[in-house]
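Colleague: coords please:
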Amino acid sequence: MRQLAGKTAFITGAASGIGLALATAFAGEGMKVMLADIESAPLDRAVEALRASGAEVRGVVCDVADPVSMDDAADAAFRAFGNVHVLCNNAGVAAGGGIEQISIESWRWVIDVNLMGVVHGIKSFLPHIRRHGEGGHIVNTASMGGMNAGLGFSPYSASKFAVVSMSEGLAWQLAPDGIGVSVLCPSYVRTRIGESGRNRPRRYGPTPEFDPTGPAAAMVAEIAQQLEAGLDPAVVAARVVSAIRENRLYIFTHPGMRAEVEDRFATILAAIDAFSDQ
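Modeller: Predicted coordinates for the structure are as follows:
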């Protein structure tokens, strides 16, 4: 999609962080934008701020883990703006899931939001984008955590690996329809994902209490520090806009992570070569 002005974008997790930066960038390109988020008050503030800048935006409360909620949000976007061209499945959460104490409820929550939230978004919007025939682009937010297992055994990494795989498969299937697909794989960005528990629905049980003396304490502290010093979300959003225009599948934001990816693939290739030599 080379031309964005006049088109419409729908973004989940849009009240803050990368989602709000995407909404701001799209509005700056002359797009109409529907912001969707599970947090109503921050969503209202985000919509109000963008409207004050002259942008044509609306907001809708949406729980991406609930397919009915996603369908309702999609219908709200269609009623407000007509055809939607860019879908950003951006909402995401994080929760501990180490090997010491595995919380099945936390795994279900993270998978439902990070993975099934993407599935629900595609199910709600793809038939519409195909039907209007004006082209489109889907951006799925994954993570560098979906390219290497640096976070260890965790629902977050597992969900993001799945989003990368799903995006790769979707891209070649939709290419004949003129619909692009990108998978966003950032490293640390200044967002509130470390505070994900604030939005955890009751159906997933209470957020497990964090043990500051436990084996995961050092990793949690390091992640919090890295997020605080992370990349400006506006930089990420600018790269997403460029990727949509150039129809790039992978969107990377931190060149310094190349070494970790190289190490992983070197190990994989070595294992393949070892088998081939037998």
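
Colleague: what's downstream of the helix or strand of the chain with the lowest mean pLDDT, the next helix or strand?
Modeller: Least confident helix or strand, the chain: helix 217-228 with a mean of 63, by mean pLDDT, DSSP states H and E. Moving toward the C-terminus from helix 217-228, the next helix or strand (DSSP states H and E) is helix 233-246.

Colleague: Tell me, how many residues neighbour residue 241?
Modeller: 18 (other CB atoms under 10 Å). C-beta coordinates here come from the backbone N, C-alpha and C atoms, glycine included.

Colleague: who are the neighbours in contact with it?
Modeller: 4, 25-26, 29 (CB atoms under 8 Å, 6 or more residues apart in numbering).

Colleague: Give me the phi and psi for residue 13.
Modeller: Per-residue torsions, residue 13: phi 60, psi 40 (degrees, to the nearest 10).

Colleague: Go through stretch 94-105 and flag the buried ones.
Modeller: Going by neighbour count (16 or more other CB atoms under 10 Å), the buried part of stretch 94-105 is 94-97, 103.

Colleague: Identify each buried residue in stretch 119-131, please.
Modeller: Buried residues in stretch 119-131, counted by 16+ other CB under 10 Å: 119-122, 124-126, 128-129.

Colleague: Of the residues you listed, which is the nearest to residue 201?
Modeller: Ranked by distance to residue 201 (CB to CB), the buried residues of stretch 119-131 are led by residue 120 at 14.7 Å.

Colleague: quick one, helices of the stretch 1-150 of the chain?
Modeller: With helices called from DSSP state H, counting those that start in this stretch, the stretch 1-150 of the chain shows them at 17-28, 40-52, 67-81, 104-110, 116-132.

Colleague: Just name the most buried of those helices.
Modeller: helix 17-28 (a mean of 24; mean count of other CB atoms under 10 Å).

Colleague: Which elements pack onto that helix?
Modeller: strand 8-12, strand 32-37, helix 40-52, strand 86-89, helix 233-246 (3 or more CB pairs under 8 Å, 6 or more residues apart in numbering; DSSP states H and E).

Colleague: Including mean pLDDT and distance to residue 168, could these go into JSON lines?
Modeller: Shown next, in JSON lines, are those (pLDDT from 0 to 100; distance: least, CB to CB, whole Å):
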{"stretch": "strand 8-12", "mean pLDDT": "98", "distance to residue 168": "20"}
{"stretch": "strand 32-37", "mean pLDDT": "98", "distance to residue 168": "25"}
{"stretch": "helix 40-52", "mean pLDDT": "98", "distance to residue 168": "31"}
{"stretch": "strand 86-89", "mean pLDDT": "98", "distance to residue 168": "15"}
{"stretch": "helix 233-246", "mean pLDDT": "97", "distance to residue 168": "15"}
